[in-house]
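Novice: Take a look and give me a structure for this.
(one chain, ligands or ions: 1)
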Amino acid sequence: MYRTHNCGELSRKDIGKTVILSGWIQKIRDLGSLFFIDIRDYFGITQLIISKKSVKKNFVLGKEFLIKIKGKVVKRLSKNYNIPTGEIEILVSHIDLLNSSLSPPFTIENQTDGNEEMRMIYRYLDIRRNPIKNNLIIRHNLALETRNFLSKNGFLEIETPVLINDTPEGARSFVVPSRTHIDKFYALAQSPQLFKQLLMIGGIDKYFQIVKCFRDEDSRSDRQIEFTQIDCEMSFVEEVHDVLVFFERFIKHIFKKIKNIQLDPFPCISYSDAIKIYGTDSPDIRFGMPFIELNDLIQRTNINFLKTQELVIGIKIKKCHNLDDKMNCFFKKIENKNFFWIKYLYDQTLLSSNSNLFNDKILKIFVKFFEAIPGDLLFIFYGKKRKTREELGKIRVKVADILNLKNSKKFTPLWIKDLPILEWEEKYKKYKSVHHPFTSPKEEDIHLLEKNPKYVRSKSYDLIINGIEIGSGSIRIHNKNIQNLIFKHLGFSKKEIESRFGFFMKAFEYGVPPHGGIAFGLDRLINLLEGNKNIKNFIAFPKNNYGKDIMINAPSFLEKTKLKELHFR
Ligand code: ASP
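Specialist: Below is the predicted model of the structure:
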């Protein structure tokens, strides 16, 4: 028998019991005739007292040695109320060495001295630490809550293939050469998109899958080349009433269960409004600061150089001017010079970065329009519409960073809908899908689809929380002609449509139900819930920023014989 109890469960009520425990040695203190040892397992830490008399003379112990002990639970003199076992210790009568260990390359405790690279090479040692272990537990809980919630609501979990063909889903696919089919390749699924649609055509009413997806992209703190989606699809649904309402409930359920946070109703705004108000399609709305358009106001003034600008927009930064140094330093670094600021000082004077152009009267017009009060700072950008919005959007986020306005305890979800269906790529002189090619256009815009596709909005939606895209989805096309037209706009010839999507278009001949769905990034969602540091913390064996697994040293070269088998020349 390896244990009667685990290392995290003995307490005052067990005093007097004889117990057997097994675990790794976390700490040893040599007190002359005694050893004080902390042993650790998955469940916790227990303090042992071992009299040197009870062990053989040349008996060696060290950190991370694995031992099994038998002993009596006794009351501890110097209690540690920070851990559940802190009121007892074990007076050891018998000790067995189960395995020895090399001295670990970093401290295996909550606080470690191991750098990220070391911790990744020895990830199994890192996982012994509470912070990583607890993250894996949270991940498990989130997956379990997801499964339970979706199952209770009629969703069926169905696995779909990983080895498929390359599909146009917006990223580069990983490819796998086929041994048996010379010169042919599989692609690893970027998502189960087409399969979940085929399941709907197959009459499955609601589907979900917690699924690995693969995209050959550069890694970032919120992106890995293999990642996990909570992928969902539903039949006979409409965008807002069915999909958004249901998944708002799902996300609220997850926040309640995992964080005990009750989320407010999710606002919903159109993509074009998001761009107009925040300069981005994934706005962080924790800290307000919407853009205020000033073109009309400018026309009523004599500021001629602004009158000719395509767009003049500004933000009001509240209670800001006592952070002068930081802000001034930040202003100096802004590359686009098409901006000016106005400070409304606490003593009511008005300062401006363009003092030679603006007199007090003009400054007062701005202050009134922004409803600014003393202490506020107005920050105004002008120029071409798209660029100006984009730049002020970035500035807005940076200002929030400088002023510490991003409260990590606050979660502000937001639906963004009606994204354009296609986007013109000047570089390639062709359209690309904004979401993916299977996204339905909005009925009221269908008449533009043939001739003016770039003005067509789609029935798509993104869930943004604190500026991070947590999920995205759409109502799908269920009409063959529309699907064909989209493929045509994306530049696929008839032959290509047939060779790449023949199977899918064939299914369109057999009564495709109206359907739609969404996929949430599971790694991102947990990372966000737990403070938004890095998704690697929530993945047992993550890749590094260059897409490498430095523990197993993948990717690696293949042996020549293997290459030959795969017909590589
Ligand atoms: N397959 C899509 C994606 O991976 C999600 C969806 O449209 O449901 O982004």
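Novice: Please report how far residue 269 lies from residue 95.
Specialist: 65 Å (C-beta to C-beta, to the nearest Å). Yep, even glycine has a C-beta here, placed from its N, CA and C like the rest.
Novice: Pull up the residues of the stretch 51-200 of the chain that are close to the ligand.
Specialist: 191, 193 (C-beta under 6 Å from any ligand atom).
Novice: now the helices: where do they sit in the stretch 51-200 of the chain?
Specialist: For the stretch 51-200 of the chain, the helices defined by DSSP state H, counting those that start in this stretch cover 116-121, 123-126, 130-152, 193-201.
Novice: ok now the second one, how far from the chain's centre?
Specialist: Averaged C-alpha coordinates place helix 123-126 at 23 Å from its chain's average position (C-alpha atoms, centre = their mean, to the nearest Å).
Novice: Mind giving me the packing neighbours of it?
Specialist: Applying 3 or more C-beta pairs under 8 Å, 6 or more residues apart in numbering; DSSP states H and E, we find helix 123-126 packed against helix 116-121.
Novice: what does the helix it packs on contact?
Specialist: 105-106, 112, 125-126, 542, 544, 550-551 (C-beta atoms under 8 Å, 6 or more residues apart in numbering).
Novice: swap in stretch 543-556?
Specialist: Taking C-beta under 8 Å, 6+ apart as the rule, stretch 543-556 contacts 117, 120-123, 218-220, 224-226, 541-542.
Novice: Filter the residues you listed down to the buried ones, ChimeraX style.
Specialist: Buried residues among those (16 or more other C-beta atoms under 10 Å), as a ChimeraX selection:
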select :120,121,122,123,219,224,225,226,542
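Novice: what's the farthest-apart pair in the contacts of stretch 543-556?
Specialist: Pairwise distances across the contacts of stretch 543-556 peak at 25.4 Å for 122 and 218 (criterion: C-beta to C-beta).
Novice: near the ligand, which residues of this protein show up?
Specialist: 191, 193, 436, 472-474, 517-519.
Novice: Just the ones in strands from the residues you listed, please.
Specialist: Applying DSSP state E to the residues of the chain next to the ligand, the entries found in strands are 472-474, 517-519.
Novice: If you rank these by neighbours, which is first?
Specialist: For those, neighbours were counted by other C-beta atoms under 10 Å; the highest total belongs to residue 473, with 27 neighbours.
Novice: who's in contact with residue 517?
Specialist: By C-beta under 8 Å, 6+ apart, the residues touching residue 517 are 196, 207, 231-234, 243, 473-474, 476.
Novice: in the helix or strand bottoming out on mean pLDDT in the chain, what's buried?
Specialist: Across the helices and strands of the chain, mean confidence by mean pLDDT, DSSP states H and E is lowest for helix 324-333: a mean of 73. By 16+ other C-beta under 10 Å, the buried positions in helix 324-333 come out as residue 327.
Novice: what residues does it touch?
Specialist: Taking C-beta under 8 Å, 6+ apart as the rule, helix 324-333 contacts 320-321, 341, 353, 377, 398-399, 402.
Novice: which of those residues lies closest to residue 505?
Specialist: Nearest to residue 505 among the contacts of helix 324-333, counting by C-beta to C-beta, is residue 398 at 46.8 Å.
Novice: pretty sure that closest one belongs to a strand, no?
Specialist: No. Applying DSSP: H, G, I helix; E, B strand; the rest coil, one finds residue 398 to be helix, outside a strand.
Novice: any idea how far the closest residue to it other than its chain neighbours is from residue 56?
Specialist: Using C-beta to C-beta, 6 or more residues apart in numbering and skipping the chain neighbours, the partner closest in space to residue 398 is residue 330 (6.9 Å). Plainly put, residue 330 is 67 Å away from residue 56 if you go by C-beta to C-beta.
Novice: same deal with residue 325?
Specialist: In terms of C-beta to C-beta, residue 325 sits 67 Å off from residue 56.
Novice: ok so, going back, and the residue nearest to residue 398, how far is that from the ligand?
Specialist: 35 Å (C-beta to the nearest ligand atom, to the nearest Å).
Novice: and if you look at residue 241?
Specialist: Residue 241 is 18 Å from the ligand, by C-beta to the nearest ligand atom.
Novice: Spell out, range by range, the strands that occur in the stretch 301-450 of the chain.
Specialist: Taking DSSP state E, counting those that start in this stretch as the test, the strands found in the stretch 301-450 of the chain are 311-317, 339-344, 350-352, 377-383, 413-417, 422-425, 430-433.
Novice: mind putting the ones you listed in CSV, mean pLDDT included?
Specialist: Listed next are the strands of the stretch 301-450 of the chain as CSV, based on pLDDT from 0 to 100:
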stretch, mean pLDDT
strand 311-317, 96
strand 339-344, 90
strand 350-352, 89
strand 377-383, 94
strand 413-417, 98
strand 422-425, 94
strand 430-433, 93
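Novice: Let me have those strands in a markdown table, extended by mean neighbour count.
Specialist: Formatted as a markdown table, the entries for the strands of the stretch 301-450 of the chain read as follows, by neighbours: other C-beta atoms under 10 Å:
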| stretch | mean neighbour count |
| --- | --- |
| strand 311-317 | 23 |
| strand 339-344 | 22 |
| strand 350-352 | 17 |
| strand 377-383 | 23 |
| strand 413-417 | 22 |
| strand 422-425 | 14 |
| strand 430-433 | 17 |
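Novice: For residue 109, see how far away the closest residue to the ligand within the stretch 101-250 of the chain is.
Specialist: The stretch 101-250 of the chain approaches the ligand most closely through residue 191 (3.4 Å), counting by C-beta to the nearest ligand atom. Between residue 191 and residue 109 the computed distance is 39 Å (C-beta to C-beta).
Novice: Looking at those two now, which is surrounded by more residues?
Specialist: Higher neighbour count among residue 191 and residue 109: residue 191, with 21 against 16, using other C-beta under 10 Å.
Novice: In contact with residue 424, which residues are there?
Specialist: Contacts of residue 424 by C-beta under 8 Å, 6+ apart are 430-431, 454.
Novice: let's see it at 6 Å
Specialist: 431, 454 (C-beta atoms under 6 Å, 6 or more residues apart in numbering).
Novice: And residue 527, by the same measure?
Specialist: Counting by C-beta under 6 Å, 6+ apart, residue 527 makes contact with 535, 538.
Novice: quick one: whichever strand or helix holds it to helix 130-152, angle?
Specialist: In this structure, residue 527 sits in helix 522-529 according to DSSP states H and E. For helix 522-529 against helix 130-152, the angle by axes from the mean of the first three to the mean of the last three C-alpha atoms, to 10 degrees is 120 degrees.
Novice: Which residues does the following helix or strand past helix 522-529 contact?
Specialist: For helix 522-529, the succeeding helix or strand toward the C-terminus, using DSSP H and E, is helix 560-565. Residues external to helix 560-565 that are found in contact with it (C-beta under 6 Å, 6+ apart): residue 179.
Novice: hmm, try it at 10 Å
Specialist: Outside helix 560-565, the residues that touch it by C-beta atoms under 10 Å, 6 or more residues apart in numbering are 177, 179-180, 557-559, 568-569.
Novice: Turn the residues you listed into JSON lines, columns for pLDDT and neighbour count.
Specialist: Shown next, in JSON lines, are those (pLDDT from 0 to 100; neighbours: other C-beta atoms under 10 Å):
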{"residue": "177", "pLDDT": "95", "neighbour count": "16"}
{"residue": "179", "pLDDT": "94", "neighbour count": "11"}
{"residue": "180", "pLDDT": "95", "neighbour count": "6"}
{"residue": "557", "pLDDT": "95", "neighbour count": "7"}
{"residue": "558", "pLDDT": "93", "neighbour count": "13"}
{"residue": "559", "pLDDT": "94", "neighbour count": "8"}
{"residue": "568", "pLDDT": "85", "neighbour count": "10"}
{"residue": "569", "pLDDT": "78", "neighbour count": "4"}
